[in-house]
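Visitor: only geometry, no sequence info:
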């Protein structure tokens, strides 16, 4: 029975020339990394470009010896993705061409809603719009924790590593985010349930 290699072992084998080891790393972490990118970048093609750029940077850093394993490979990859996302928004801001059309694709789109009737579809669309609006009103640090936790599926330990804060700080930010989300719901009389 083959034992599962750690991220570090796969990186070492990749450095020694075993190309499939890097494919295994990508396969292992792609869902979390792509989910994280997609929460900020709603354009599918652009999100895929940033995803690919993330792993290109990872390869370059590993090959140039700039990665030192501390058991935090995923957090390191997420930080690279985060920096690329920030770079993207800086470029847009500099070009001053950001339009609402960039955000028209549905952030919370899900196939499981495709079989529901039209009324349910309209209600679901409104709920997703409300949730998107509410998250958008959170302070940046709280918004980031909500996205990393609920959309990228990271643990609080991983969130702490990605955002470079303590676990207690990450937990605190989530707590305040939930308090603020409840407050926003009450102030705007938002109901996130289907009757």
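Guide: Received the coordinates, thanks. Predicted model only: the values in this text are computed from it and were never measured. Numbering: from 1, shown residues only.

Visitor: Return the list of helices and strands in contact with the helix or strand hosting residue 161.
Guide: Using DSSP states H and E, residue 161 sits in helix 156-163. For helix 156-163, the packing partners by 3 or more CB pairs under 8 Å, 6 or more residues apart in numbering; DSSP states H and E come out as helix 73-95, helix 140-150, helix 167-187. Bear in mind the C-beta positions are built from the backbone N, C-alpha and C, glycine included.

Visitor: Tell me which residues touch residue 38, please.
Guide: 44, 47, 151 (CB atoms under 8 Å, 6 or more residues apart in numbering).

Visitor: That one and residue 185, how far apart?
Guide: Remark: distance between residue 38 and residue 185 (CB to CB, to the nearest Å) = 24 Å.

Visitor: before we move on, what about residue 30?
Guide: 33 Å.

Visitor: Just give me how far the helix-or-strand element of the chain with minimal mean pLDDT sits from the chain centre.
Guide: Least confident element among the helices and strands of the chain, by mean pLDDT, DSSP states H and E: helix 118-136 (a mean of 75). Centre-to-centre, helix 118-136 and its host chain are 20 Å apart (CA atoms, centre = their mean, to the nearest Å).

Visitor: got the buried residues for that helix?
Guide: By 16 or more other CB atoms under 10 Å, the buried positions in helix 118-136 come out as 123, 124, 127, 128, 130, 131, 134, 135.

Visitor: Now flag whichever of those is closest to residue 86.
Guide: residue 135 (17.8 Å; CB to CB).

Visitor: hang on, the earlier thing: average pLDDT across the helix holding residue 161?
Guide: Helix 156-163 comes out with an average pLDDT of 85.

Visitor: between that helix and helix 73-95, how big is the angle?
Guide: 40 degrees (axes from the mean of the first three to the mean of the last three CA atoms, to 10 degrees).

Visitor: Any chance you could list what contacts helix 156-163?
Guide: Outside helix 156-163, the residues that touch it by CB under 8 Å, 6+ apart are 72, 74-75, 78-79, 82, 141, 144-145, 148-149, 154, 166-167, 169-171, 174.

Visitor: Good, wrapping up.
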